[in-house]
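Q: Please work out how this folds:
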Amino acid sequence: MLNPALKRFILPFAPQKIREPFNLEVEEATIYALAELERMKGGGLLVKQPEEKLVFLAKIGYPLWLFPKNEASYIFDDLSNHDFAMSYFELPSPKVFMDGLESNSKTREDFMAFLSDHSNYFSQPKREKEVSVDNLIVDLNFKKEFGDYRREAVEITGQAANYALLSPILEEAKVSSVLTEIVNLQMGASEDAEKLAECLRAMNRITSQYVTELDYQAEAVKDETEAKIRAQAEFINPKIVALNIQYKRRIAEVARSFDQELENLEKLKAKSEKNIESSEGKIRLYQREAEAQASRNHSTFEKRWKEKSALTKKELNALKKELKRTEKNIKSLTKQKKSQTGVLQLELEAEIKHARQPLVELEVAREAKMLVFERETEKLLKLEKPVVDGLNDAIKLEEAVNAKFAMLGSVDQQLKSPALFYVPFYTAFYQAGLSKRFIFLAPSMAASEGFTSKLKGALGMSKIKELLIPRFKAISGLIDNVQVLAKKDQFLDSQIRSLGEKNNLLNFRLTRDKIADGLLRLRSQGLLSDREYQIISGSLA
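A: Prediction:
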């Protein structure tokens with residue numbers, strides 16, 4: 001039994017255009033004409049049967065429930081079981097994680113231990129769950145169409161005129177209970193998503209806090225060590241300056257001790273080179289004189305010049321040997337100078353290194369401590385990464401679940417309590433002997449050309465079959481399914497027949513008169529040929 005406070009609404013079969021002639025009487029006349037034309041076809045029977053009889057023509061309301069929850073409305077098909085099911089993953093509790101995070105973030109050591117223990121908390125295998133709701137319509141196209149259609153609804157305050165309303169089967173309390181469970185699951189998923197985001201923010205905040213703390217500690221250690229280095233440098237740098245002065249003096253003395261001797265050797269070398277050059281010149285001169293005397297056949301003078309040349313060559317050889325010894329001595333002294341000054345330079349470097357050892361030790365200690373802080377930061381970030389990745393994946397899963405739940409309903413801030421909306425359809429029931437059949441006409445509208453001469457066919461043929469076109473694709477599918485359901489469900493079949501016979505439009509004289517007026521207007525508009533008008537209006541008499 002329906003709740004007496006339950007609001008009920010009826011939707012129009014076709015949009016009523018006040019300034020155009022497609023009113024209720026023309027609508028019913030059009031439906032009657034189509035029903036009669038269908039009857040005259042005989043249902044396309046291949047075997048000869050007795051002439052079909054139009055048992056009844058009725059306008060019936062198909063019940064749809066609308067339930068509001070949290071500024072959304074959910075559509076339930078009262079007659080068809082849509083067997084809606086949705087699977088989702090049940091995630092580990094973000095609240096448990098958050099509680100553990102808060103209690104283990106007082107120290108960095110505890111926080112890092114917590115991260116290590118919970119690295120796989122959100123990435124562990126998740127349990128898949130399923131929620132199912134019978135009769136819930138989730139098709140987006142249907143919800144959009146119905147959202148537009150319901151704006152035309154009129155509330156039923158008494159007996160619905162010219163309508164036969166199918167009795168709803170669903171129980172309001174049961175549907176409300178199931179819907180409450182769904183909404184609670186949605187709210188739980190939404191709360192989990194918010195909690196997960198809170199966990200992620202807390203993780204980032206705590207990690208950032210400890211990374212900053214490590215940075216501060218590292219900076220403090222660096223500043224402290226550099227202060228010690230500066231203090232030590234005040235004592236060490238003057239020592240290094242003194243060492244440089246001392247060794248510079250010693251190196252200079254050693255260099256001077258070699259430079260004088262080297263200078264003498266260089267002079268001797270230059271003198272030897274000059275004597276060699278002079279001797280070589282003499283030899284060339286003596287050889288030319290000997291050749292000249294030989295050409296004059298002065299053998300005595302030729303011999304003398306040759307003897308001078310031979311003697312000078314001996315002197316030249318002695319000079320060259322002397323030059324080699326000098327060059328060797330220069331090279332040896334230069335090497336000794338370099339070696340001794342090099343030894344002093346190495347001694348200076350060793351002395352400086354020894355003097356700077358306290359500074360080096362402080363610098364090494366500083367770098368070692370900085371490396372400890374660096375590795376601690378790296379370890380913290382490495383421990384955080386799998387937990388953050390798991391949180392991000394969990395947030396995406398929860399957002400996907402929320403999106404699935406959000407698609408179940410439609411945003412609706414107007415509907416405040418459950419209501420029944422009846423979608424109208426016309427049904428004609430034919431019978432010929434033992435053969436029986438229904439036809440169903442879903443909500444329709446007049447063709448865009450309306451009642452104008454543009455719809456008139458050639459040679460006066462009617463356009464009545466082109467007049468009505470379905471208003472909604474998805475809602476038409478709902479009405480098309482009634483015929484399938486009626487064949488399967490004996491109760492529904494009996495209810496449609498019972499309502500049809502009780503509310504047969506052809507049983508009411510007033511309705512028949514309106515249909516007759518409507519047929520006349522259809523003929524005048526060229527939508528029925530004269531012959532069709534005579535046959536159809538004759539069957540109405």
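Q: which other helices and strands contact the strand or helix carrying residue 194?
A: Secondary-structure element containing residue 194, defined by DSSP states H and E: helix 172-295. Other helices and strands packing on helix 172-295, by 3 or more CB pairs under 8 Å, 6 or more residues apart in numbering; DSSP states H and E, are strand 53-69, helix 94-103, helix 108-117, strand 127-133, helix 299-406. (C-beta placed from N, C-alpha, C; glycine too.)
Q: which stretches of the chain aren't confidently modelled?
A: When residues are selected by pLDDT under 70, those of the chain lie in 1-2, 16-21, 42-49, 81-82, 159-161, 448-462, 541.
Q: Not counting its neighbours along the chain, what's nearest residue 433?
A: With sequence-adjacent residues excluded and distances taken as CB to CB, 6 or more residues apart in numbering, residue 433 is closest to residue 50, at 4.9 Å.
Q: From residue 90, how far off is that neighbour?
A: Relative to residue 90, residue 50 is positioned 63 Å away (criterion: CB to CB, to the nearest Å).
Q: What separation do you get for the closest residue to residue 395 other than its chain neighbours and residue 89?
A: Closest residue in space to residue 395, ignoring its immediate chain neighbours: residue 196 at 4.8 Å, by CB to CB, 6+ apart. Applying CB to CB, one obtains 13 Å for the distance of residue 196 from residue 89.
Q: Off-centre distance for stretch 380-393?
A: What separates the centre of stretch 380-393 from the centre of its chain is 18 Å, taken as CA atoms, centre = their mean, to the nearest Å.
Q: Next, the buried residues of it.
A: Of the residues in stretch 380-393, those buried under the neighbour-count criterion (16 or more other CB atoms under 10 Å) are 380, 383, 384, 386, 387, 388, 390, 391.
Q: the strands in the stretch 401-541 of the chain, which residues?
A: Remark: strands of the stretch 401-541 of the chain, listed N- to C-terminal, are 410-411, 419-432, 435-441, 444-446, 468-470; assignment by DSSP state E, counting those that start in this stretch.
Q: I'd like these written out as TSV, with distance to residue 375 and mean neighbour count added.
A: As requested, the strands of the stretch 401-541 of the chain are arranged in TSV below (distance: least, CB to CB, whole Å; neighbours: other CB atoms under 10 Å):
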stretch	distance to residue 375	mean neighbour count
strand 410-411	53	13
strand 419-432	66	21
strand 435-441	77	16
strand 444-446	75	20
strand 468-470	72	15
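Q: now for those strands, which one comes closest to residue 167?
A: Of all those, it is strand 419-432 that lies closest to residue 167, at 10.5 Å by CB to CB.
Q: elements contacting that closest one?
A: In terms of contact count using 3+ CB pairs under 8 Å, 6+ apart, strand 419-432 is assigned the packing partners strand 7-10, helix 24-41, strand 53-69, strand 435-441, helix 473-488, helix 490-502.
Q: Redo these as CSV? Include distance to residue 360.
A: As requested, those are arranged in CSV below (distance: least, CB to CB, whole Å):
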stretch, distance to residue 360
strand 7-10, 90
helix 24-41, 103
strand 53-69, 75
strand 435-441, 98
helix 473-488, 83
helix 490-502, 97
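Q: Chain neighbours aside, what residue packs nearest to residue 145?
A: The shortest distance from residue 145 to any residue that is not its chain neighbour, by CB to CB, 6+ apart, is 4.2 Å, and that residue is residue 472.
Q: burial measure for that neighbour, as a count.
A: Residues near residue 472, counting by other CB atoms under 10 Å, number 21.
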